[in-house]
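Novice: How does the following fold in three dimensions:
(one chain, ligands or ions: 1)
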Amino acid sequence: MVSRVIPVEPFDLVIFGGTGDLARRKILPALFRRFCAGQMPEEARIIGAARSEHDTDEYKAMVRDAIVEFVGEDDAQADALAAFVDRTDYVTIDARGTDGWVELAGKMREGCVRAFYFSVAPALFGDLAERIHVNGMATDQSRIVVEKPFGHDLATARALNDTLAQHFDEGQIYRIDHYLGKETVQNLMAIRFGNMLFEPLWNSQYVDHIQITVAETVGVGGRGEYYDKAGAMRDMVQNHLMQLLCLIAMEPPAKFDPDAVRDEKLKVIRALDEVEPHHIVRGQYEALDGEHPGYREAAGDPRSSTESYIALKTHISNWRWAGTPFYLRTGKRLVARSSVISVVFKDAPHSIFGPEAGRHANVLSIRLQPNEGITLQVTIKEPGPGGMRLVDVPLDMTFAEALGPESDDPPDAYERLIMDVIRGNQTLFMRGDEVEAAWAWADPMIAGWKARGEVPKPYESGSVGPDQADQLLRRDGRVWRGIKP
Ligand SMILES: NC(=O)c1ccc[n+]([C@@H]2O[C@H](COP(=O)([O-])OP(=O)(O)OC[C@H]3O[C@@H](n4cnc5c(N)ncnc54)[C@H](OP(=O)(O)O)[C@@H]3O)[C@@H](O)[C@H]2O)c1
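Specialist: Take a look at the predicted model:
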């Protein structure tokens, strides 16, 4: 495979929160990798902006350290690193005050793309949008990138959309969900809409059910205070899992363009049934040993009833999917880090080989992490004598094998998404109405378990989650696919 690097036009990228964790771990390393790939033009500039006082040289040193730490010293070759750091600048700014805004406006160049990345606490998003506007930086060429979480519920998401809309058009607002930047997620669309093979089977007549699993091995770590106000539903399901569900379930858009794709995703969210309380399992991880604290300890609240795990069953009420359950689960401190979508097809209607040969459903598994790739489980005859014994084998389309070693290391989601911002392509970003519809689906569930005073079920760290999640599928005569690294 030969990768094609399409250079983007000159840009000024301002990273509000340019000294923060996300900027250091993800945004700056992603930009550096694109720089090394030759995608950033000579005139591209990156301006860090945050409240703490630093002169430009101090910031450049901070950028250099971040690249060495998160890209790796070997990969961050000295010449490239020096040239990249040379493009960075810094402004001390207060999102809620007046400090730094005139200086920042003075650094903006006319006639090139301006991207403002809001890598700060969500409470500051509205302040930033207003000040960019008031200080004359919101041109037609300007766009803002808004990090998650986008709202805490429907009311706050709507208020934030309204605030941003006072200063920017929808076409200038890029709500980032890094899951959409993953190579396999785009491949999902290529597989569905670039092949004749799957689409005729992609409906309730042939698909028994769909499972979406996003399992993490990490706990809440240092994010305990934030996470305890959110929980798995707000942190993962309403955004990441919902986006994956949309891409799996949506109708073919007429074109691969931002609004055509997002219109179809929105229709899926609006067709989702309200989830019944007995179709939701919430869990909370327990301490593993002396080393790893349990959820409540990590969250700093011994009586916390926030879920670190959730499994649920939902349906999409439309012609394509009526009757096909979608099972979603996500959790922290699980047995392996693994994000997989599994499309489980129905059994063949009749086995000509007799009951002793066994029945085996085809399963199409789309792995998002680790080892991005696609596996199709097919049934064949077990080799050798002994009669017609059937066995499942995976047709494995690990990208590295099929497409060459370059594909084994696809660009990080942030690399692709930031370059899409510069190009002005919103296909992989959430539109305001999508986010609101997703909250409208999630809010009643959250309100329901709060009103009932439900406490999450404990589960062992390093397990696959609470037993009740297994029962959710067992009641339907189904089982979860294994969580494998
Ligand atoms: N970290 C992640 O992995 C991650 C993942 C997904 C989404 N996010 C989201 O990304 C955003 C940033 O997260 P983070 O982890 O990078 O947070 P962080 O490490 O706490 O960094 C926050 C940044 O905001 C700056 N800041 C704070 N108050 C400010 C003000 N009044 N004016 C200007 N700058 C101000 C801080 O600069 P000073 O310290 O210099 O004031 C710092 O650079 C949040 O919305 C978070 O939810 C983060």
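Novice: Of all the residues in this protein, which one is nearest the ligand?
Specialist: residue 20 (2.3 Å; Cβ to the nearest ligand atom). C-beta coordinates here come from the backbone N, C-alpha and C atoms, glycine included.
Novice: Give me the distance between that residue and residue 219.
Specialist: Between residue 20 and residue 219 the computed distance is 21 Å (Cβ to Cβ, to the nearest Å).
Novice: Those two: who's more crowded?
Specialist: Neighbours were counted for residue 20 and for residue 219 using other Cβ atoms under 10 Å; residue 219 has more, 23 against 16.
Novice: Show me where the stretch 1-150 of the chain has its helices.
Specialist: In the stretch 1-150 of the chain, the helices defined using DSSP state H, counting those that start in this stretch lie at 21-22, 28-36, 56-71, 78-86, 101-107, 125-134.
Novice: Buried residues, the longest one. List them.
Specialist: It stands for helix 56-71. Within helix 56-71, the residues that qualify as buried are 59-60, 62-64, 66-67, 71, counting by 16 or more other Cβ atoms under 10 Å.
Novice: now for it, which elements pack on it?
Specialist: helix 28-36, strand 45-50, helix 78-86, strand 88-92 (3 or more Cβ pairs under 8 Å, 6 or more residues apart in numbering; DSSP states H and E).
Novice: same check, this time on the fourth one
Specialist: Contacting helix 78-86 under the criterion 3+ Cβ pairs under 8 Å, 6+ apart are the following elements: helix 28-36, helix 56-71.
Novice: Out of those helices, which is closest to residue 390?
Specialist: Closest approach to residue 390 among the helices and strands packed on helix 78-86 (Cβ to Cβ): helix 28-36, 45.5 Å.
Novice: Next, the residues that contact the closest one from outside, please.
Specialist: 13, 15, 40, 44, 46, 63, 66-67, 70-71, 76-77, 80-81, 83-84, 87, 411-412, 414-415, 418-419 (Cβ atoms under 8 Å, 6 or more residues apart in numbering).
Novice: Is it correct that residue 445 is in contact with residue 233?
Specialist: Yes - between residue 445 and residue 233 there is a contact under Cβ atoms under 8 Å: 6.6 Å.
Novice: re earlier: any of the contacts of helix 28-36 buried? List them.
Specialist: 13, 15, 40, 44, 46, 63, 66-67, 71, 76, 81, 84, 87, 411-412, 414-415, 418-419.
Novice: Contact residues of this protein facing the ligand?
Specialist: Residues of the chain lying close to the ligand by Cβ under 6 Å from any ligand atom are 16-23, 50-52, 93-96, 119-122, 124, 147-149.
Novice: When you filter those down to buried only, what's left?
Specialist: 16-20, 22-23, 50-51, 93, 95, 119-120, 122, 124, 147-149.
Novice: Can you point out the helix or strand that includes residue 245?
Specialist: helix 242-249 (DSSP states H and E).
Novice: How far off centre is that helix?
Specialist: 11 Å (Cα atoms, centre = their mean, to the nearest Å).
Novice: same question, stretch 476-485
Specialist: 22 Å.
Novice: ok, now stretch 435-454?
Specialist: With Cα atoms, centre = their mean, you get 20 Å for stretch 435-454.
Novice: what bits of this protein have low per-residue confidence?
Specialist: Applying pLDDT under 70 to the chain flags residues 1-3, 75, 290, 398-410.
Novice: longest helix anywhere in it?
Specialist: Longest helix of the chain, by residue count under DSSP state H: helix 432-451.
Novice: neighbouring contacts of the helix or strand that that helix is followed by?
Specialist: Using DSSP H and E, the helix or strand that follows helix 432-451 in sequence is strand 457-459. Residues from elsewhere that reach strand 457-459, judged by Cβ under 8 Å, 6+ apart: 281-286, 309, 331, 465-468.
Novice: tell me the contacts of the residue nearest the centre of the chain?
Specialist: The centroid of the chain falls nearest to residue 179 when counting by Cα atoms, centre = their mean (2.4 Å). With contact taken as Cβ under 8 Å, 6+ apart, residue 179 is in contact with 185, 239-240, 243-244, 368, 413.
Novice: what does residue 433 give?
Specialist: Residue 433 neighbours (Cβ under 8 Å, 6+ apart): residue 266.
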